[in-house]
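A.B. asks: Show me the folded form of this:
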Amino acid sequence: MHIATLSDVLSGKTTDIYFVRTVEVLKNAGLADVKVRAEFHVSSLPKGYKWALFTGLKEVVEVLRGRKVTLYAMPEGTLFYENDPLMVVEGPYLEFAVLETALLGIVRHYSSISTKAARVKKIVGEKTCLFFGARALHPAIQPMADRAAYIGGCDGVATVMGAELIGIRPSGTMPHALMIIFKATTGDHTLAWVWFDRTMPPEVSRIVLVDTFIDEREEALLAARLLGDRLYGVRLDTPSSRRGNMRKIVEEVRWALDLHGYRNVKIFVSGGLDETQVEALKDIADGFGVGTSIAFPPSVDVAMDIVEVEVDGRWVPITKRGKLPGFKQVYKCGSKHVFAPWDSPPPCGEPLLAKWIEDGRVVREVPAEREIRDYVLRQLAEVEL
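C.D. replies: Numbering: from 1, shown residues only. Reported below is the predicted structural model:
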C-alpha cells in the first residue's frame, strides 16, 4: 500500500524535495546552525467561516519529540481566528526543515476535519452527531479522521480502531447489506431486525434501518410493532433518487410513530448531510450520521513562515512580504483574540501559546481526547457560526 510509516515521516521521506535541497544548500554555505522561529497561522479562513479549530497538536509533539527545538502552541482544540499564531517552532532550521511538509499536513488536515465537525455540532447542540465518514477515506488515515471529528465535537465514531484509540465504544446501526441478504434468502427483510435484536448485547442500542424496500413510515411502524420497547430508534438513509423533501419524510415518520404510541422511538438521519441539511432537520430529528462533508471539508489553510532569525546572538524579525514578522503571543480577550510581540506587556486577557517542547524534551502532555472535546464544546457555546 502507498502509505508512510512513522519512521518514514520522522526521517523526512514525506517532505517536499525542495526542503531536502535547501538543507544541502545551507550546509554547503556554512549556514547549517542558523536558528529560526517559524510560525504556523492561517491568513484566510474558508468562505463563510468566522473561526476554525486548532487540532493535531498531539501528533506534532510526537514528530518533534527528541529534536533540538522548542515548541510553543495553543492548547489542542482551541478556537482561533485569521492570522492568529497557532504554533511556533524555535531552533536550528535544519532540525525541522524536512519536517515542515509533515507538520503542515498534520495541522491542516486535522484542523479542517475538526472545524467542520465543530460547525455541525454547533448546529446539532444537545442532539447526537456521529461521524460516519470512514468509507470516504483511505483506511490508513481513518483513525486520525475519527479522532479529529471526535475532538471537534462529534459524539461518536463508527470504526473499530478509531474508537479504540480514542477510548470510546464505536457507534453505528446496521447496513443495507443485512436487510438485503435477509430479504433475498427468507423473503422477509424484517427478520434482519429480529436477528439483530437477538444477536447484539444489551449495551448496543436497537436502531434499525427503515428505508430499504418500502415507505419509511411503514417500515418504521413495522419495526416498532416487531421490537416494541426494545426499539431505541430508526435510521433514515433514504437515497437521493427517492428523497424528495427529507424534512417532510421525517415529519411523516415522527407523526406516525407518535400517533401509534411510539413516542420514545428516536429518529436518526444520515446520507449526504452538511450544515444546511442538519439545520433544516435539527428540530425534528434526534440524531445525525454525518460522513463525507466532515471527512472532506473545506481546507483550513495553515501556513508556516519564518518570522525571526538569530543573527550574532540576536533575534531579528524578518519574513516574506504579506506576513507579520516577529515572535508573537496570542491573548484571549473576552470574545476576541489579540496578538502582540512576545516580550511586550500583555494587552489584555490570558495568553494562549504555551511551551510544549523545550530543546526536544516534552514538558507538557496533551490532554485525553474526552478532555479536549469538552474544551471544544465549552468554546462552541460562546461563539456563533
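
A.B. asks: so how far is E126 from the residue lying closest to G172 once chain neighbours are set aside?
C.D. replies: In this structure, G172 finds its nearest non-sequential neighbour in A158, 4.8 Å apart by Cβ to Cβ, 6 or more residues apart in numbering. The way it works is simple: take the backbone N, C-alpha and C, and place the C-beta from them, glycine included. For A158, the distance to E126 (Cβ to Cβ, to the nearest Å) stands at 21 Å.

A.B. asks: For those two, indicate the residue with more neighbours.
C.D. replies: Using other Cβ atoms under 10 Å, the more surrounded residue of A158 and E126 is A158, with 21 against 5.

A.B. asks: Surely the more buried one touches Q142?
C.D. replies: No. Look at A158 against Q142 with Cβ atoms under 8 Å: they stay out of range, at 9.2 Å.

A.B. asks: Need the overlap of contacts for those two.
C.D. replies: Residues touching both A158 and Q142 (Cβ atoms under 8 Å, 6 or more residues apart in numbering): A134.

A.B. asks: for I214, phi and psi?
C.D. replies: Torsion angles at I214 (phi, psi; degrees, to the nearest 10) stand at phi -130, psi -180.

A.B. asks: Could you give the number of residues near it?
C.D. replies: Applying other Cβ under 10 Å, I find that I214 has 11 neighbouring residues.

A.B. asks: which stretches of the stretch 151-300 of the chain have low pLDDT?
C.D. replies: Under the criterion pLDDT under 70, the flagged ranges of the stretch 151-300 of the chain are 241.

A.B. asks: Now do the helices in it.
C.D. replies: In the stretch 151-300 of the chain, helices defined by DSSP state H, counting those that start in this stretch lie at 160-166, 176-186, 191-199, 216-227, 240-243, 246-259, 275-281, 292-295, listed in chain order.

A.B. asks: How far does the first one sit from its chain's centre?
C.D. replies: Yep, that's helix 160-166 we're talking about. Centre-to-centre, helix 160-166 and its host chain are 14 Å apart (Cα atoms, centre = their mean, to the nearest Å).

A.B. asks: List the buried residues of that helix.
C.D. replies: In terms of neighbour count (16 or more other Cβ atoms under 10 Å), helix 160-166 has its buried residues at G162, A163, L165, I166.

A.B. asks: Next, format those residues as CSV and append distance to F288.
C.D. replies: Output for these, formatted as CSV (distance: Cβ to Cβ, whole Å):
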residue, distance to F288
G162, 18
A163, 18
L165, 23
I166, 19
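
A.B. asks: ok, these vs G272, which is closest?
C.D. replies: Ranked by distance to G272 (Cβ to Cβ), these are led by G162 at 21.1 Å.

A.B. asks: In this structure the closest one contacts A148, no?
C.D. replies: No. Judged on Cβ under 8 Å, G162 makes no contact with A148 at a distance of 9.8 Å.

A.B. asks: Give me the mean pLDDT for stretch 36-54.
C.D. replies: Averaged over stretch 36-54, pLDDT sits at 98.

A.B. asks: mind checking the end-to-end distance for that stretch?
C.D. replies: 23 Å (Cα to Cα, to the nearest Å).

A.B. asks: do stretch 44-55 as well
C.D. replies: By Cα to Cα, one end of stretch 44-55 lies 17 Å from the other end.

A.B. asks: Next, the buried residues of the longest strand anywhere in the chain.
C.D. replies: Longest strand of the chain, by residue count under DSSP state E: strand 302-311. Within strand 302-311, the residues scored as buried using 16+ other Cβ under 10 Å are V302, M304, D305, I306, V307, E308, V309, E310.

A.B. asks: now do stretch 261-269
C.D. replies: Y262, V265, K266, I267, F268, V269.

A.B. asks: for stretch 361-369, same thing?
C.D. replies: Quick answer for stretch 361-369 (16+ other Cβ under 10 Å): V366, P367, E369.

A.B. asks: pretty sure the first one is touching E76, no?
C.D. replies: It stands for V366. Yes. Using Cβ under 8 Å, V366 is in contact with E76, at 5.5 Å.

A.B. asks: Between the two, which contacts overlap?
C.D. replies: With Cβ under 8 Å, 6+ apart as the test, V366 and E76 both reach L57, K58, I372.

A.B. asks: so where's the longest helix in this protein?
C.D. replies: The single longest helix within the chain, with elements called by DSSP state H, is helix 100-124.

A.B. asks: what angle do that helix and strand 302-311 make?
C.D. replies: Interaxial angle, helix 100-124 versus strand 302-311 (axes from the mean of the first three to the mean of the last three Cα atoms, to 10 degrees): 140 degrees.

A.B. asks: next structured bit after helix 100-124?
C.D. replies: Downstream of helix 100-124, the next assigned helix or strand under DSSP states H and E is strand 128-131.

A.B. asks: Show the secondary-structure elements that that next one is packed against.
C.D. replies: helix 100-124, helix 142-151, strand 156-157, strand 287-290 (3 or more Cβ pairs under 8 Å, 6 or more residues apart in numbering; DSSP states H and E).
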